[in-house]
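In: I would like to see how this sequence folds:
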Amino acid sequence: MMQSNIRRERPKRPDPPCTICRGTGKIDCRNCFGRGRTNHADLVMLPKGEWPQWCRICGGSGLDYCHRCHGTGEFREPMGFHFATIHRK
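Out: Below you'll find the model as predicted:
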């Protein structure tokens, strides 16, 4: 067994973090709802004798990149147009 002199630092969470993923950069997959499989996604465990059909979007991990921060974990304002409201009397 070899030991290394390299110190591994944990990545710091951004400050302020993304409001959707809380700074992790990952969210539950939108296709399998975080289960990693597409069959019986509403159940925690598959029924006896049933084999998983792995999700093609996340590759079975159950995770996807956050759509707000694009996986960076940093806070970003929502993108898009903001229309001025007209107050009529």
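In: okay, which residue is most central for the protein?
Out: For the chain, the residue whose C-alpha lies nearest the mean C-alpha position (Cα atoms, centre = their mean) is residue 27; its distance is 1.5 Å.
In: could you list every residue that touches that one?
Out: 20, 21, 63, 64, 65, 66, 67 (Cβ atoms under 8 Å, 6 or more residues apart in numbering). In this view, the C-beta of every residue, glycine as well, is placed from N, C-alpha and C.
In: What of residue 20?
Out: Applying Cβ under 8 Å, 6+ apart, we find residue 20 in contact with 27, 66, 67, 68, 69.
In: The residue lying closest to the second one once chain neighbours are set aside: neighbour count?
Out: Looking back up the chat, that one is residue 66. Of all residues not flanking residue 66 in the chain, residue 21 sits nearest, at 3.9 Å (Cβ to Cβ, 6 or more residues apart in numbering). Here the number of neighbours of residue 21 (other Cβ atoms under 10 Å) works out to 21.
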